[in-house]
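Participant: mind folding the following:
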Amino acid sequence: MTKLQVRAFLYQLGSFAILFILGRFIIAEYTGLTGIWIPMTSFVAATIVAPKFQAVKTKDGEKLFMKWIFIKGIRVIG
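Facilitator: Take a look at the predicted model:
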């Protein structure tokens, strides 16, 4: 794995973890769900909402790209 691939993985993991934990607390507080349904619902929501990061080798070198449902198109990160 290259340095940008590791960075993409860590960004992906970090954004998912933040959204999962935040979603878990919000779902537990404001819905009537109990037991395994709280983390399951938070997992699905975080998977859909979290931005996607990918390292791609281009003719200009390796670059890091991000795609998110709240941003139109694909953004170059690094």
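Participant: what sits against the residue positioned nearest the centre of the chain?
Facilitator: The structure's the chain has its C-alpha centroid closest to Ala50; by Cα atoms, centre = their mean the separation is 3.1 Å. Applying Cβ atoms under 8 Å, 6 or more residues apart in numbering, one finds that Ala50 lies in contact with 12, 15-16, 19. C-beta coordinates here come from the backbone N, C-alpha and C atoms, glycine included.
Participant: what's the answer for Ile77, then?
Facilitator: Under the criterion of Cβ under 8 Å, 6+ apart, the contact list for Ile77 reads 11, 53, 63-66.
Participant: quick one on the thing from earlier: pLDDT, distance to Tyr30 and neighbour count for the contacts of Ala50 - can I get that in TSV?
Facilitator: Putting the contacts of Ala50 into TSV (pLDDT from 0 to 100; distance: Cβ to Cβ, whole Å; neighbours: other Cβ atoms under 10 Å) gives the following:
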residue	pLDDT	distance to Tyr30	neighbour count
Gln12	96	27	16
Ser15	97	22	18
Phe16	97	21	17
Leu19	97	16	19
